[in-house]
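In: Following is a predicted model, sequence given first.
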Amino acid sequence: MGLFILEQIVNGIVAGSVYALIAAGMTMIFGVLRAINFAHGEYYMVGTFAAWYVISKLGIDYGTAIVLSVAISAAIAALIGRLVMQRLVNAPFQSGVLATLGISLILQNAVILAFGGGYKMFPGGWLDPVEFLGIGMAQQRIVLVGAALVMFGGLEWMVRSTHMGKSIRAVSQNPECCQIIGIDVEKVVRRTFVLGTALAALSGALTGPINVSLYGGMGESITLKTFAVIVMGGMGNVRGTLFAGWMLGVAESLVAGSIGLQYRDSVGFIALLLMLMCRPTGLFSPKARF
Amino acid sequence: MSTTLDTLTPVARHLPALRWTGAGAVVVALGLAPLVLGGYYLHALIIAMIFLLPAHGLNLILGYTGMLSLAQGVFFGVGAYVSALLSLHFGTPFALNLVASGVIAAAIALPLGIPALRLRTYSFVMCTLGFVVIAQTVAKNWISVTRGDMGLSGVPQPKFQIGNAVLNISTIPDYYYLALVVAIVATLGFYALVRSPAGRCMVAIRDNEVLAESLGVPTWAYKLAVFMLSALFAGVGGSLYAHYMTVVSPLVFQMYYSTTVLVIVLGGGVGRVPGAVIGSLLFVALSEALRVTPELRMIIYGFVLLLLVFCFPDGLAPLLDRALERIARIRFGAKEGNSDVH
């Protein structure tokens, strides 16, 4: 019994690391732009598809494929950032919603048109089993958790020590004042956007081997679940999303293991609603910002 | 509503009459449509008119009290299920189902709205989104009532009976006229609501909630009432949808419905009565009728959304207004010279 619970928890941390990576990107984009990126899951999908394409059509090995897929997704995101996202600075809330909805439609359907609407199999991945605390699991899962830790550590360092990080913090606090003191808000927005979506694409490429099947519409449910994570972590709060992601992952795992698999996806939203009723600022944000 | 001296210029004075004429022309055109259009296009228009109802509801919340809600999908779906369940289990007539769906949807909006409306903009959006997802989960898992993913099928087609006269709605043109009537009634009701003193209070809340509160407008009560009213509109729309499609499944709670209603309202023009009408005609009817591959249609739709955001941030209704103004100026304003109505 104890081993069963431990296994659920470990699985939960793995899944949670994925959620956290994706959510970190979304929460950063929200922080600088005050826009909820409805298309965020699509970048996850693009990352998975790019890796799939590179491996199956170009015969490249998985490790390089990860790098390439992130690069491809970043390029697409840079284009979108320049054409769309940077124009949303100081725009009303509805504009962000509509624009990102439009982008999600375009991305989803462009991928379906280009590669067909059926399910595809993700070839490759580091799936050899490894033992951890008495539980056997694929190497890929450990890579996921490791990637999340590394990325979050990197984000923390970036936000604290680099010029870009400080600009991001500044823009998150007050874009208008930033414009006054000479920070190029649009550039910060573009770069944060590319970084955020690259994180999503990275998790897409990394979870490909575990999810195995990919299809054009897979991004939508990811987007929805990520909303739950960013609210729990506190919107705009990057550190919070790591723990919120883990918590959600573990909660989902325990529920799926004990109550039923069909309720797994509702856990996030029930948690979201409870959170909004009791502590709308999220678990880790002391001040009410939004 | 303008309160400046602008309304005294001849051009401005004739605008309302022009608007009503325009509306009348649209109604006549829609009424004559079945004579010229085939079933496929009529279907698109029927769907547009069904979506008009939750769109009016969203327009109420968003345009007149300033809160962006994605929960219309919840109430639309609830209305559909209520209608289906009532007619399948109790054989109740269509008119009763229509009303019951609206009322029950509004009743559900009460316990949902009380906690949700305390939240600020972004949290409120997420909360309403959460409602949609939970609603879909309930629909999928409460199998004893909703039959889960199998859905409820065989919802009876509407039938009206007065004494010995029976009116069966079974063909597409029948449904078309039914939907048209319901849409017109709903739009007139919406118009009456927003032109009333209550409607002015709502606009006050949208423009400056704190100020409205300080002037004595019970903002909390209004917001809750508006939330429930919008649910009512959506529930009625859902009922119509159930009786038209004759099948109701958890798919009715997909994000697609909530986002489409949002696009209709934002694209048509928030906070104005013709906005939702224009929006649903353009975005739903056109999108259903575009005979290209579904993926290409969605890509075009996506680009249209981007176009809306950057070129028509206030929606398309202001364009219509400007066209009407130009007509008014040509017809009535020739002597005025430089007077400009804005």
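Out: Cool, the structure landed.
In: Give me the contacts around stretch A:155-166.
Out: By C-beta atoms under 8 Å, 6 or more residues apart in numbering or on different chains, the list of residues contacting stretch A:155-166 from outside reads A:24, A:28, A:168, A:169, A:188, A:191, A:238, A:239. (Each C-beta comes from the backbone N, C-alpha and C, glycine too.)
In: run the last query once more with 7 Å
Out: The contact list for stretch A:155-166 (C-beta atoms under 7 Å, 6 or more residues apart in numbering or on different chains) reads A:24, A:168, A:169, A:191, A:238.
In: which SS class is residue A:281?
Out: Following DSSP: H, G, I helix; E, B strand; the rest coil, we place residue A:281 in the coil state.
In: Just the pLDDT at it, thanks.
Out: As predicted, residue A:281 sits at a pLDDT of 75.
In: so how far is chain B from it?
Out: Computed as C-beta to the nearest C-beta, to the nearest Å, the residue A:281 to chain B distance reads 9 Å.
In: what about residue 53, neighbour count?
Out: As the question left the chain open, I've gone with chain A. Using other C-beta atoms under 10 Å in any protein chain shown, residue A:53 has 19 neighbouring residues.
In: not quite, I wanted chain B
Out: When neighbours are counted by other C-beta under 10 Å, residue B:53 registers 34.
In: So residue A:139 sits against residue A:132, correct?
Out: No - in this structure residue A:139 lies outside contact range of residue A:132 using C-beta atoms under 7 Å: 10.0 Å.
In: tell me which parts of the stretch 101-250 of chain A are close to chain B?
Out: Contacts of the stretch 101-250 of chain A with chain B, taken as C-beta under 7 Å from any C-beta of the partner chain, map to A:101-103, A:105-106, A:109-110, A:112-113, A:220, A:224, A:227, A:231, A:235.
In: Keep only those of these that are in helices.
Out: A:101-103, A:105-106, A:109-110, A:112-113, A:220, A:224, A:227, A:231 (DSSP state H).
In: would you turn these into CSV with pLDDT and neighbour count?
Out: Putting these into CSV (pLDDT from 0 to 100; neighbours: other C-beta atoms under 10 Å in any protein chain shown) gives the following:
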residue, pLDDT, neighbour count
A:101, 90, 23
A:102, 92, 25
A:103, 94, 24
A:105, 91, 25
A:106, 94, 21
A:109, 92, 23
A:110, 93, 19
A:112, 92, 20
A:113, 90, 16
A:220, 86, 19
A:224, 86, 21
A:227, 90, 26
A:231, 88, 32
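In: Kindly state the pLDDT recorded for residue B:234?
Out: 95.
In: sorry, back to before: out of the contacts of stretch A:155-166, who has the most neighbours?
Out: Neighbour counts for the contacts of stretch A:155-166, by other C-beta under 10 Å, peak at residue A:24, which reaches 30 neighbours.
In: picking up where we left off before, adding distance to residue A:245, write the ones in helices among the residues of the stretch 101-250 of chain A next to chain B out as JSON lines.
Out: What follows is these, written out as JSON lines (distance: C-beta to C-beta, whole Å):
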{"residue": "A:101", "distance to residue A:245": "24"}
{"residue": "A:102", "distance to residue A:245": "27"}
{"residue": "A:103", "distance to residue A:245": "24"}
{"residue": "A:105", "distance to residue A:245": "27"}
{"residue": "A:106", "distance to residue A:245": "27"}
{"residue": "A:109", "distance to residue A:245": "29"}
{"residue": "A:110", "distance to residue A:245": "28"}
{"residue": "A:112", "distance to residue A:245": "28"}
{"residue": "A:113", "distance to residue A:245": "32"}
{"residue": "A:220", "distance to residue A:245": "19"}
{"residue": "A:224", "distance to residue A:245": "14"}
{"residue": "A:227", "distance to residue A:245": "12"}
{"residue": "A:231", "distance to residue A:245": "12"}
